[in-house]
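[1] Have a look; sequence and predicted model below, questions after that.
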Amino acid sequence: MKLALSRVHFPVTTLGPGRRLGIWVQGCSIRCPGCISSDTWATRTPDVDVAELLENIQPWLQECDGITISGGEPFEQPEAFKQLLRGIRQLSGVSILAYSGQSLEALENSDVVKQGLVDCLISDPFEVNMGQTKYLRGSDNQRMTCLTALGHEVFGFLDRYATDDDRRLDVMFDANGEVWLAGIPRRGDISRLQLILENQGTYLRTTEARS
Ligand code: SF4
C-alpha cells in the first residue's frame, strides 16, 4: 500500500503537546481560501510504501511524545492512512492527533474514526474570515474531538483558547535547503515576517505565494 507523502519531520513542537513526529500527506481537494499549506494541495501518485515509511520513522517513534498527521487531507487516502495508523499503533503507544478539512459528521463513519485509530481529531475546513482564538486551530469553526481514552487524557484539557506562547512556529530545514514553518500562525504573521526579512534583504517565498 502506497501513500502520497509531503514530508515527515521530528521534532514538531507547535502542533500538539510535547515533541511530536509530524507527518504531512500530499493532496487536498478542499482548497480552503487562505490555507497556508497550498504546497500540499496537488495530488500525486502515491509513491511511498507505508511499510517502508513505518520502518523509517521507527527511531522517532521511540523518542516522540506523540504524532501529528496533517496535510493535505489524510482522509482522501483512506486505505493508506488506515494502514499507516494501524502500523503506528502496533509500534507505539503515543497519542495520535490528525487534522482534516472535512466535517466531523462526514468522518464519523470512516474506519479511522470508528476503529479509534486517531486519538484526537481537528475537523472542518479553515475559514479565513473566522476568529482565530482557539488552541491548535487555524479558525474558530474548527472542532477538536477526543475519540479515545488516550485522546481524552492527552487532549481533553486542551480544548481552550490559544495563548501567545501557543502562536510559536517551528522553523525547519529540508535536505534540499528549503526553509519551511509548522504551527498555526495568526492572520498576518507570515506577511509581517516577510516584511522583516525583506527589510534585511531576504525574500521569503510562502506556499500561499505559489498558489
Ligand atoms: S486548510 Fe487543510 S483542508 Fe483546507 S485546503 Fe489547506 S490542507 Fe486542505
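    Now that the structure is in, tell me what you want to look at. Numbering: from 1, shown residues only.
[2] what's the single longest strand in the protein?
    As assigned by DSSP state E, the longest strand anywhere in the chain is strand 5-12.
[3] what pairs with that one, and is each one parallel or antiparallel?
    The strands beside strand 5-12 in its sheet (DSSP bridges) come out as strand 20-25 (antiparallel).
[4] For the strand it pairs with, give me every contacting residue.
    Taking contacts as Cβ atoms under 8 Å, 6 or more residues apart in numbering, the residues outside strand 20-25 that touch it are 3-13, 15, 37, 40, 57, 60-61, 64-74, 77, 81, 84, 97, 182. (Glycine included, C-beta is placed from N, CA and C.)
[5] Now do the buried residues in the helix or strand where E52 lies.
    In the assignment (DSSP states H and E), E52 maps to helix 50-63. Residues of helix 50-63 classed as buried: V50, L53, L54, I57, W60, L61 (neighbour count, 16 or more other Cβ atoms under 10 Å).
[6] Was I right to think the first one contacts Q83?
    Put plainly, it is V50. Yes - between V50 and Q83 there is a contact at 4.8 Å, judged by Cβ atoms under 8 Å.
[7] Report the contact partners of S123.
    Remark: with contacts taken as Cβ under 8 Å, 6+ apart, S123 is in contact with S100, G101, Q102, S103, L104, L107, Q142, R143, T145.
[8] And for R137?
    R137 neighbours (Cβ under 8 Å, 6+ apart): I122, M144, A162, I184.
[9] how about a markdown table for those residues, with pLDDT and distance to I23 added?
    Below are the contacts of R137 laid out as a markdown table (pLDDT from 0 to 100; distance: Cβ to Cβ, whole Å):
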| residue | pLDDT | distance to I23 |
| --- | --- | --- |
| I122 | 98 | 15 |
| M144 | 98 | 19 |
| A162 | 95 | 23 |
| I184 | 87 | 17 |
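[10] can you tell me which of these are in helices?
    Assigned to helices by DSSP state H, none of those qualify.
[11] residues in this protein within reach of the ligand, list them.
    28, 30-32, 35, 37, 40, 71-73, 101, 125-126 (Cβ under 6 Å from any ligand atom).
[12] filter those to the buried ones?
    Neighbour-count burial (16+ other Cβ under 10 Å) applied to these gives C28, C32, C35, S37, T40, G71, G72, E73, G101, P125, F126.
[13] of those residues, closest to the ligand?
    Taking Cβ to the nearest ligand atom as the measure, the ligand sits nearest to G101 out of those, at 2.2 Å.
[14] Let's verify that closest one: helix, strand, or coil?
    Applying DSSP: H, G, I helix; E, B strand; the rest coil to G101 yields a three-state assignment of coil.
[15] Who are the contact partners of the residue nearest in space to the middle of the chain?
    In the chain, the residue lying closest to the centroid (Cα atoms, centre = their mean) is S70, at 2.6 Å. Residues near S70 by Cβ under 8 Å, 6+ apart: L15, G22, I23, W24, V25, S37, A98, Y99.
[16] From these, pick the one nearest the ligand.
    S37 (4.6 Å).
[17] And that closest one, how close does it get to S95?
    22 Å (Cβ to Cβ, to the nearest Å).
[18] which residues of the protein score low on pLDDT?
    203-211 (pLDDT under 70).
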